[in-house]
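Asks: Let me see the structure of the following:
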Amino acid sequence: MPRYYCDYCDAHLTHDSPSVRKQHNSGYKHKANVRNYYMQFEEQTTQSLLARHVQENATLQQQSDSYMAYHSKVNETFKTQIEQYTASL
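Replies: As a prediction, the model looks like this:
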């Protein structure tokens, strides 16, 4: 008779019957192993989302810095033009 293998627990069950599987699957260790298995994917997803968020913020900061530098240069140029115009009057 083939034995049932549980991937989460890395264990073979001695009897392959629905009642044994049900009892195993409702056990505390099996549930903890299933929870841990899926938590590793959640952690990976969370890490990748955080990394993407940090990258987006860095890009936005660079764009903001460029924007501020551009506008300060425009303001300086505009002020210079106003001073030249008022001086010529």
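Asks: What separation do you get for Glu42 and Arg35?
Replies: For Glu42, the distance to Arg35 equals 10 Å [Cβ to Cβ, to the nearest Å]. C-beta here means a position set from N, CA and C on the backbone, and glycine is covered the same way.
Asks: Identify the single longest helix in the protein, thanks.
Replies: In terms of residue count, the longest helix belonging to the chain (DSSP state H) is helix 28-88.
Asks: so how far is that helix off the chain centroid?
Replies: Computed by Cα atoms, centre = their mean, to the nearest Å, the chain-centroid distance of helix 28-88 equals 14 Å.
Asks: so who does Phe41 touch?
Replies: By Cβ atoms under 8 Å, 6 or more residues apart in numbering, no residues touch Phe41.
Asks: before we move on, what about Thr86?
Replies: Residues near Thr86 by Cβ under 8 Å, 6+ apart: none.
Asks: Read off the pLDDT value for it.
Replies: The model reports Thr86 with a pLDDT of 83.
Asks: got it, and Arg35?
Replies: 94.
Asks: Look at it and say how many residues are nearby.
Replies: 10 (other Cβ atoms under 10 Å).
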